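Colleague: Quick one, fold the following:
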Amino acid sequence: MTKKFWMLGTALLALAGCSETAEESAPPTNSPTAAAPASVGTPGTPGVPMAAPATAAQSAAYVAKAGAGDLWEIESSKALLAKSDNSEVRKFAQMMIDQHGQSTAKIKAAAAAAKVDVAAPQLDPAQQTMLEEIKQADAGAIDAIYLRHQRTAHDAALALHRAYSEHGDAESLKTAAREIVTVVEMHRSHLDKLGSQA
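Modeller: Residues are numbered from 1 along each chain as shown. You can find the predicted model right below:
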């Protein structure tokens, strides 16, 4: 019996020693290493910049594209008026200048309400190419070239404003986009009626 008790006591001492070793090697619960590690690359952790809100990025992109579209409509229509003698096409071009100027004002007001910065609009390469073709056309060809590019531009504008009106993330801009969709659809209808001019 004495031998059994001695063995049992030795085993218990060994277990106690292991327990103490584990406790000593484990980090304290209030130690920084005991806390769950922060996700690598999480915005807000040291060294990782905060990502811009998706709202600002999406809305700013929409405003920039809408502004470029309006600028193209106005500049291309001014180029048409400088050369064309076609009264119906000239009437359409003047309407583009007036109504796309109104669209620009509407977008600017909506952007201000959404606290989205509005930079000076810039044409993209495709828009610049179309504008140059209209400017370089002679009086005999300008109507057809202008109307063809107007259809392309209005299809793109319709897709842009419809998409933002349905999926945009700033309510004031979504409202403006819905109103502009109606105007662009009306312009597209006018272009269909002018189709025989092309």
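
Colleague: helices and strands of the chain: which one has the lowest mean pLDDT?
Modeller: Sorting the helices and strands of the chain by mean pLDDT, DSSP states H and E puts helix 2-25 at the bottom, at a mean of 38.

Colleague: in what helix or strand does His149 lie?
Modeller: Per DSSP states H and E: His149 is located in helix 142-167.

Colleague: Show the subsequent helix or strand relative to that helix.
Modeller: Proceeding N to C from helix 142-167, the next assigned helix or strand is helix 171-193, under DSSP H and E.

Colleague: Which secondary structure elements does that following helix sit against?
Modeller: Helices and strands touching helix 171-193, by 3 or more CB pairs under 8 Å, 6 or more residues apart in numbering; DSSP states H and E, are helix 54-81, helix 87-113, helix 142-167. (C-beta placed from N, C-alpha, C; glycine too.)

Colleague: would you list those in CSV and tack on mean neighbour count?
Modeller: As requested, the helices and strands packed on helix 171-193 are arranged in CSV below (neighbours: other CB atoms under 10 Å):
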stretch, mean neighbour count
helix 54-81, 20
helix 87-113, 18
helix 142-167, 19
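
Colleague: Worst mean pLDDT among these?
Modeller: Here the lowest mean pLDDT among the helices and strands packed on helix 171-193 goes to helix 54-81, at a mean of 91.

Colleague: Before I go, just wanted to say thanks for your time.
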